[in-house]
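J.: Predicted coordinates and the sequence they were generated for:
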Amino acid sequence: MNLFTTIALLELTDGFTSNDNSVKKTFEFYWNNYPSEFKSFPIVDTKGKIDLTLQYLEYYYNQGYRIFIGFSRSSILVGVLEWFNNHPDAIGFSTTSTLPLLNIPKKVFRMTPNDDYILDSVLTELETSTKVYYIYSEDEIAAKYILDKLKTNEMISPKLVDYGVKSDYSNLTVESIENLFEDPNETQTILLYVFDQDKYIDLYNEGLTFPGQQYNIQGIQPPVITGEAAKQLNNKYNVSAFKGTNTSIIWRKGYDTLGQNNYSNISLNILNLNNTLLFKENIENINSHFGILQFDPVSRDILYPSFLVEVFKDNKYNNKFLSVDDPILGKYQARFVN
């Protein structure tokens, strides 16, 4: 295998663009600043379409590519698994797909922990709320999986109100969300799994208000909040993001340079894992720039993650609590003192 067999198939102009453009920017930062360590590879725009993704997989496979990076949504990953089964010498990296039902034997490394982990990070907050409003992207299978989990939780189900947002966001309006609320107060909670976070945040610039806490559980970069929304969501809007308890110097340089909203936490580990496979090194000996880099040998899902919950306060995100799954210490949660 030579150094020209890796390609990224990303959703840059449609689909999960906020995430995949951050992946692209992070790759480019390390290619430009550490060219001797990380060799660049092509990036192709799939426009968030599964048929185009499959066409590109077949085309570039025939051109000699064997490592494919992308598949950021679980709905896309589901659509390419059969292709990988039919091409056993191809390897995939999924940047941010999280559906636990995909914890199955596959030739695709998942670089972000599954939704069971991320839901656990805020479960106590949901169970102690008097009402839980779940607002989610109805066409995304990962978001629907969370709905099923909430419905089977005996402490949450009786107080659950769910609302599926259409793929064109036509029903995501101030009026439609206000109609969900039942005597809203500070003891109630909103749980968010909406893929275009900016469209939801804009509702608070258009007059929406909610007195309780909100938890965004997409596990990626937090949205930029400005204007009236910054006032309405101050000390109320929380994000639970996959963030490792340890990071390397070059990870922190990328994070500090690009900023929290443009930096992809897992992209440096993708480049690191890509090098390991290209040079045919033992994956069990891989070092990590971000958190624990260990995979289930069968499902290739990442293991032992940590999630940092941050709250938007005074126009920035502040640490609130950290949930950790450690191979030796087990699961624990640490809360920050403000």
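T.: Arrived safely.
J.: I'd guessed N216 sits against F195; true?
T.: No - look at N216 against F195 with CB atoms under 8 Å: they stay out of range, at 10.9 Å. In this view, the C-beta of every residue, glycine as well, is placed from N, C-alpha and C.
J.: Mind listing the residues bridging to the residue nearest to L12 when sequence neighbours are not counted?
T.: Using CB to CB, 6 or more residues apart in numbering and skipping the chain neighbours, the partner closest in space to L12 is D45 (4.1 Å). Applying DSSP bridges to D45 gives these bridge partners: L10.
J.: What is the end-to-end distance of stretch 55-70?
T.: Length of stretch 55-70, first residue to last, CA to CA, to the nearest Å: 14 Å.
J.: An error on my part: the question was meant for stretch 145-158.
T.: One end of stretch 145-158 to the other measures 18 Å (CA to CA).
J.: mind listing what P88 touches?
T.: K107 (CB atoms under 8 Å, 6 or more residues apart in numbering).
J.: quick one on the thing from earlier: look at the residue nearest to L12 and report its pLDDT.
T.: Here, the pLDDT recorded for D45 equals 98.
J.: That one reaches A8, doesn't it?
T.: No - counting by CB under 8 Å, D45 does not reach A8; the two are 9.9 Å apart.
J.: quick one, which of these two is more surrounded?
T.: Here D45 and A8 are set side by side on neighbour count (other CB atoms under 10 Å), and the busier one is A8, at 24 against 19.
J.: Now name the helix or strand holding that one.
T.: Per DSSP states H and E, A8 falls inside strand 6-10.
J.: Just the mean pLDDT for that strand, thanks.
T.: Strand 6-10 carries an average pLDDT of 98.
J.: Can you list the neighbours in contact with the helix or strand just after that strand?
T.: Per DSSP H and E, strand 6-10 leads on to helix 17-33 as the next helix or strand towards the C-terminus. Outside helix 17-33, the residues within contact range by CB under 8 Å, 6+ apart are 8, 10-12, 37-40, 43, 48, 70, 72, 95-96, 196-198, 220-221, 223, 250, 253-254, 257-258, 261-264, 267-268, 270-271.
J.: try 7 Å this time
T.: Contact with helix 17-33 is made by 10-12, 38, 40, 43, 72, 95-96, 197, 220-221, 254, 257-258, 262-264, 267-268, 271, as judged by CB atoms under 7 Å, 6 or more residues apart in numbering.
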